[in-house]
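[1] With the input below, show me the fold.
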Amino acid sequence: MGKIMLEDLLKFKFLSSLVVSPNGGKLAFVVHEMNKDDNSYNSNIWLYDTTTGSLSQLTSSNRDSSPIWLDDSRLLFVSWRDEKDRKRKEDGEPLTPFYEIDTSGGEAKRVFELPFFVERIKKIADSVFLFTAVYDHKLGEFWKLSAEEKEKVLKALKDEKDYEVLDEIPFWANGAGFTNKKRVRLFRYNVQTQDIIPITDEFSNVEYISDSPDGKTVLYIANFFKDVMKMPNDLFLYDVEKNETVKLTHHDHFMYMLAEFIDGKVIFAGSDMKRYGINENPKFYVLDISTQRVELITPDFDLDIDNSVNSDCRYGGNRIVKVDGKYLYFVSTQWHDAQLFRLDISGNVEQLTFETGSVDGFDVSNGKIFFVGLRNMKLQELYELIERQEKQLSQFNEWVQKERYISRPERFTFNTKDGTTLEGWVMKPFNFEPGKKFPAILEIHGGPKTAYGEVFVHEMQLLASEGYVVIYCNPRGSDGRGNEFADIRGKYGTIDYEDIMQFVDEAVKRYEFIDENKIGVTGGSYGGFMTNWIIGHTDRFKAAVSQRSIANWISKFGTTDIGYFFVEDQHFATPWSNYEKLWWHSPMKYADKVKTPTLFIHSDEDYRCWLVEAIQMFTSLKYHGVESKLVIFKGENHDLSRTGKPLHRLRRLKEIIEWFDKYLKANE
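    Just a heads-up that it's a prediction; the model follows:
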């Protein structure tokens, strides 16, 4: 059995967009794999027949995604298989081409296109769809124009391509580029008449759309703003038949996360953000539309509604909320696992999955549950949940288990000085020999409100295959253990730093094969902040790799897509209210103390932690004579390690390994 290789990443398959047919007979989902030659990802739709248990590939253009069922045999999906469509998109024209295919046989046929970049579409009636799409004020009501008028507008935009005019914040978004005066709007489309009707206004950003159990009403969550986007949003009900919208917002300062119908009532989740800020875990409420009465039904629920378990082996999105019958099903992170739960109208929460790992997304029909998951240290596969038992349905990545050595994380817990229980893991290297010592690398997750678990992470497996012990933990600030544990506002670099350093002490003490004189440290985003912080507060680590990091909270406030509200929320300070506090928590303040050789990895389109963060820290270290290097990835964003171009992802890993080898294996 061989070790995990760098280029194994090119052979992994990633599963997304799982949808069950109305009768539960078939599953449609997208399989993604890397295309090294084109430096891109191939995406095709696959089917699973629940009756025969057979898997089959349905499309093969390598450019298909976002399937939805029109009925029990027909799928609607997005495809960029036509070169002319791709050229129009490259030239700046907003469009999304939709195709239809009969899953019992036949070729896909193009049925319509929409003059937008569509984010989500759902069927309401035989000829009626609702969809969300990016609305650009520069284009105006582009969908109403004639072909000649559209050409003029696009030419005018092309003439303006060298300029960006900004008059609001945020003015850009990670992964989306400049977003000034762009909004995600909700529209209605009639296929027969080809009428497109906007439901939301041009300044509202739609953040969530519910399912429509009767085809007559839909719930949606939207955030209206001009000049400055604030965090509170609003809940609305749209009447399809009357083409009317009613505002259901029950609280002036509330962040709605989701809203769905159960038994004619609205069940929604969210928080007022008063006690724990913007990252406060939501609670569930029931709204009776007829009486406007709102009832809190989960007063003791203290988990996020999300999958926060870190992995670099996912691509594409999956559903994490769905109503079926009298239950709302959702994914939530509990300690180091992301599991599936369901909730009834009375507020009873029931956990449905229990295996260690991550439920990455699911769908449910008439009580039959299917999900995409990272289970038992395997890469993503398709599963069915039958009476609390998980049945694996696919074998897309089974070759990894058969052909590669997989280092299984060994979990241990310990108590901090103040009595808080923490968990951490140690992964043995590929060439492990009892009695021998090995260099180690400390990995620190982002967030900070995410979590590490026992799932397949290619980066960690690759480091283990290269002879490193990999160690990681979930310090305070991590998700999965309630609001109080996750709340490190105003404390960045204090209790979280102490937790991590105590974890390293515990790991070295418990595992004698760790060479405490050859430990490196790396992390991205918040993990990049903590890497920068660590090297300014201790010389314990012999090398560091700081990725998509934060160096200066003052500059982050004014330059990133979330900076102006995230920094104030997390530090209780702005550059004007408490400049000194923001500087005290900034790693750059301590850069003159750094002795650790450090590699900085950053993307030039990372608008979550902008490139200036890495540049500032790199410059500071160079100025003070510290061995350092900055590698900038052009055309990539904050998600380089997860969704970056294949060759860029390989180069990133190569840079990391070479840096650690240089400083941790120099005398071998």
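[2] what about residue 281, distance to residue 473?
    Counting by C-beta to C-beta, to the nearest Å, the separation of residue 281 from residue 473 is 21 Å. (Each C-beta comes from the backbone N, C-alpha and C, glycine too.)
[3] Tell me where the stretch 301-450 of the chain has helices.
    Assigned by DSSP state H, counting those that start in this stretch, the stretch 301-450 of the chain shows helices spanning 398-403.
[4] What ranges does it have for its strands?
    321-324, 327-334, 337-343, 349-351, 357-365, 368-375, 381-386, 389-392, 404-405, 410-415, 421-427, 438-444 (DSSP state E, counting those that start in this stretch).
[5] ok, residue 336 - contacts?
    Neighbouring residues of residue 336 by C-beta atoms under 8 Å, 6 or more residues apart in numbering: 309, 356, 411, 423, 451-454, 474, 480.
[6] same check, this time on residue 38
    Under the criterion of C-beta under 8 Å, 6+ apart, residue 38 has no neighbours.
[7] dump the residue contacts of residue 319.
    Applying C-beta under 8 Å, 6+ apart to residue 319 gives the contacts 18-19, 361-363.
[8] With neighbour numbers in mind, choose between residue 281 and residue 473.
    Neighbour count, other C-beta atoms under 10 Å: between residue 281 and residue 473, residue 473 has more, with 27 against 20.
[9] Number of residues surrounding the residue lying closest to that one once chain neighbours are set aside?
    Counting by C-beta to C-beta, 6 or more residues apart in numbering, residue 473 lies nearest to residue 424, which is 3.4 Å off, once chain neighbours are set aside. The local packing of residue 424 (other C-beta under 10 Å) involves 25 other residues.
[10] Does residue 424 touch residue 505 like I think?
    No. At 10.7 Å, residue 424 does not count as touching residue 505 under the criterion of C-beta atoms under 8 Å.
[11] wait, is residue 591 part of a strand?
    No. Residue 591 is assigned helix when assessed by DSSP: H, G, I helix; E, B strand; the rest coil, not a strand.
[12] remind me which residues of the stretch 501-650 of the chain are low pLDDT?
    Within the stretch 501-650 of the chain, not a single segment meets pLDDT under 70.
[13] which stretches of it form strands?
    Counting by DSSP E, counting those that start in this stretch, the strands of the stretch 501-650 of the chain are 514-524, 543-547, 598-603, 628-633.
[14] The longest one packs against which elements?
    Pointing back at strand 514-524 there. Packing partners of strand 514-524 (3 or more C-beta pairs under 8 Å, 6 or more residues apart in numbering; DSSP states H and E): strand 438-444, helix 495-510, helix 526-535, strand 543-547, helix 646-664.
[15] Pipe the strands of the stretch 301-450 of the chain into JSON lines and attach mean pLDDT per row.
    Shown next, in JSON lines, are these (pLDDT from 0 to 100):
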{"stretch": "strand 321-324", "mean pLDDT": "97"}
{"stretch": "strand 327-334", "mean pLDDT": "98"}
{"stretch": "strand 337-343", "mean pLDDT": "98"}
{"stretch": "strand 349-351", "mean pLDDT": "98"}
{"stretch": "strand 357-365", "mean pLDDT": "97"}
{"stretch": "strand 368-375", "mean pLDDT": "98"}
{"stretch": "strand 381-386", "mean pLDDT": "98"}
{"stretch": "strand 389-392", "mean pLDDT": "98"}
{"stretch": "strand 404-405", "mean pLDDT": "96"}
{"stretch": "strand 410-415", "mean pLDDT": "98"}
{"stretch": "strand 421-427", "mean pLDDT": "98"}
{"stretch": "strand 438-444", "mean pLDDT": "98"}
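[16] and the chain, what are its domains?
    Per automatic domain parsing, the structural domains of the chain span 124-140+148-256, 407-664.
[17] ranking the ones you listed by burial, who's on top?
    Sort the domains of the chain by mean neighbour count, taking mean count of other C-beta atoms under 10 Å, and domain 407-664 sits at the top with a mean of 20.
[18] ok so, going back, minimum distance to residue 201: which of the helices and strands packed on strand 514-524 has it?
    Closest of the helices and strands packed on strand 514-524 to residue 201 is helix 526-535, at 35.2 Å (criterion: C-beta to C-beta).
[19] Format the helices and strands packed on strand 514-524 as CSV; extra columns: distance to residue 553.
    Shown next, in CSV, are the helices and strands packed on strand 514-524 (distance: least, C-beta to C-beta, whole Å):
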stretch, distance to residue 553
strand 438-444, 18
helix 495-510, 15
helix 526-535, 9
strand 543-547, 15
helix 646-664, 25
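[20] For residue 149, which of those is the nearest?
    Comparing these against residue 149 with C-beta to C-beta, the closest turns out to be helix 646-664 (39.1 Å).
[21] hmm, back to that, by neighbour count, which of the contacts of residue 319 wins?
    Counting neighbours by other C-beta under 10 Å, residue 361 comes out on top of the contacts of residue 319 with 27 neighbours.
[22] beta partners of that one?
    Bridge pairing for residue 361 (DSSP bridges) gives the partners residue 372.
[23] who's in contact with residue 36?
    Contact analysis of residue 36 by C-beta under 8 Å, 6+ apart lists 10, 646-647.
[24] follow-up on the earlier one: quick one: closest of the strands of the stretch 301-450 of the chain to residue 122.
    strand 321-324 (12.5 Å).
[25] so what strands line up beside that closest one?
    Short version: by DSSP bridges, strand 321-324 pairs with strand 327-334 (antiparallel).
[26] Tell me how far the strand it pairs with lies from the chain's centre.
    Its chain's average C-alpha position is 16 Å from that of strand 327-334, according to C-alpha atoms, centre = their mean, to the nearest Å.
[27] now do stretch 117-128
    Stretch 117-128 sits 24 Å away from the centroid of its parent chain (C-alpha atoms, centre = their mean).
[28] ok, and what's touching it?
    For stretch 117-128, the external contacting residues (C-beta under 8 Å, 6+ apart) are 66, 68, 70, 76, 78, 94-96, 98, 129-134, 184, 188-192, 209, 211-212, 215, 218, 240.
[29] Restricted to strands, list these.
    In strands, defined here by DSSP state E, the members of those are 66, 68, 76, 78, 96, 98, 129-134, 184, 188-190, 209, 218.
[30] and which of the contacts of residue 36 is nearest residue 225?
    When the contacts of residue 36 are compared against residue 225 (criterion: C-beta to C-beta), the nearest one is residue 646, at 36.9 Å.
[31] The closest one and residue 39 touch, don't they?
    Yes. Between residue 646 and residue 39 there is a contact under C-beta under 8 Å: 5.7 Å.
[32] Export stretch 190-206 to CSV, keeping only CA atoms.
    What follows is stretch 190-206, C-alpha atoms only, in CSV (Å, rounded to 0.1, in the frame of the first residue of the first chain):
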residue,chain,number,x,y,z
ASN,A,190,-43.0,31.9,-17.3
VAL,A,191,-41.5,29.5,-19.8
GLN,A,192,-44.5,29.7,-22.2
THR,A,193,-44.8,33.5,-22.3
GLN,A,194,-41.1,34.1,-21.6
ASP,A,195,-42.1,36.9,-19.1
ILE,A,196,-39.6,37.7,-16.4
ILE,A,197,-41.0,39.5,-13.4
PRO,A,198,-38.8,40.9,-10.6
ILE,A,199,-40.2,40.1,-7.2
THR,A,200,-37.6,41.9,-5.0
ASP,A,201,-36.4,45.5,-5.5
GLU,A,202,-33.0,46.5,-7.0
PHE,A,203,-31.4,47.2,-3.6
SER,A,204,-32.4,44.0,-1.7
ASN,A,205,-30.0,41.1,-1.5
VAL,A,206,-31.9,37.8,-1.3
